[in-house]
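Undergrad: Pasting the sequence and the predicted coordinates here, then a few questions.
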Amino acid sequence: MMPVEVFKCGLVVYKREPVLACSPDGKVIDSGCSKLFGLLEVKCPETKFLVTPLDACSDNNFCCEIVDGKCKLKVTHPYYAQVQGQMGITGVGWCDFVVYTARRNYSNCSVIELNRPQSTQSNLIERVGSISSIIEHNGTKKCVREFDCVRFPN
């Protein structure tokens, strides 16, 4: 098994439209993957903290569902859109989505690898364009351009 390294991540500003940004929970380097760099997003659901992630899936309102005996993030849940947006903004191809609960063994920490479909990236770019035109229409384009010179540390 190849080592996986996780690093802190600060605010990442989308280069094409600096009005968009994200702050993933971590940057991941997995030397065993064909795509070396990814993201980490961790959720600790307060209402499900005393049960395993698999047990939490029995609640229809939970962010994950059981597929082939494992937790899988629902594509209809807002967390899915959050992670896809983070991958689009940062340009990485995958994200480890972690659901952690209070149980103290590894099986109670579900790691779900999500890949970025190309269509999601295209949709993000289309939406950025529409956001930009709305801002320009409202006369605040100058404010958006002021962010061009702002750099955020990682």
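TA: Received it, and whenever you're ready, just let me know what you need. Numbers count the residues shown, from 1 in each chain.
Undergrad: going forward, measure contacts between C-alpha atoms and count neighbours the same way
TA: Noted.
Undergrad: can you give me the helices for this structure?
TA: 53-56, 78-90, 118-137, 141-146 (DSSP state H).
Undergrad: what's the least confident stretch among those?
TA: When the helices of the chain are compared by mean pLDDT, helix 141-146 comes last with a mean of 35.
Undergrad: all strands in this protein, in order from the N-terminus.
TA: 4-7, 12-13, 21-22, 26-30, 37-43, 64-67, 70-73, 94-100, 109-115 (DSSP state E).
Undergrad: Output the below-cut-off pLDDT ranges for this structure.
TA: Applying pLDDT under 70 to the chain picks out residues 1-2, 103-112, 117-154.
Undergrad: Kindly tell me how buried the nearest residue to residue 50 once chain neighbours are set aside is, as a neighbour count.
TA: Distances taken as CA to CA, 6 or more residues apart in numbering put residue 102 closest to residue 50, at 5.6 Å, once the chain neighbours are dropped. By the criterion of other CA atoms under 10 Å, residue 102 has 16 neighbours.
Undergrad: Is it correct that residue 43 is in contact with residue 100?
TA: Yes: with contact defined as CA atoms under 8 Å, residue 43 reaches residue 100; the gap is 6.3 Å.
Undergrad: out of the two, which sits in the more crowded spot?
TA: residue 100 (23 against 14).
Undergrad: how much space between that one and residue 45?
TA: Counting by CA to CA, to the nearest Å, the separation of residue 100 from residue 45 is 7 Å.
Undergrad: so how far is residue 36 from residue 101?
TA: 28 Å.
Undergrad: out of the two, which sits in the more crowded spot?
TA: Comparing residue 101 with residue 36 by neighbour count (other CA under 10 Å), the higher total belongs to residue 101, at 24 against 14.
Undergrad: what residues are up against that one?
TA: Counting by CA atoms under 8 Å, 6 or more residues apart in numbering, residue 101 touches 44, 45, 48, 49, 50, 51, 52, 53, 108, 109.
Undergrad: Top of those by number of neighbours, please.
TA: Busiest of those [other CA under 10 Å] is residue 53, holding 30 neighbours.
Undergrad: I figured it hits residue 98, correct?
TA: No: here residue 53 does not reach residue 98: they are 9.8 Å apart, not a contact under CA under 8 Å.
Undergrad: if we can go back for a sec, could the contacts of residue 101 go into TSV alongside distance to residue 17?
TA: Formatted as TSV, the contacts of residue 101 follow (distance: CA to CA, whole Å):
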residue	distance to residue 17
44	31
45	32
48	37
49	37
50	41
51	41
52	40
53	36
108	38
109	35
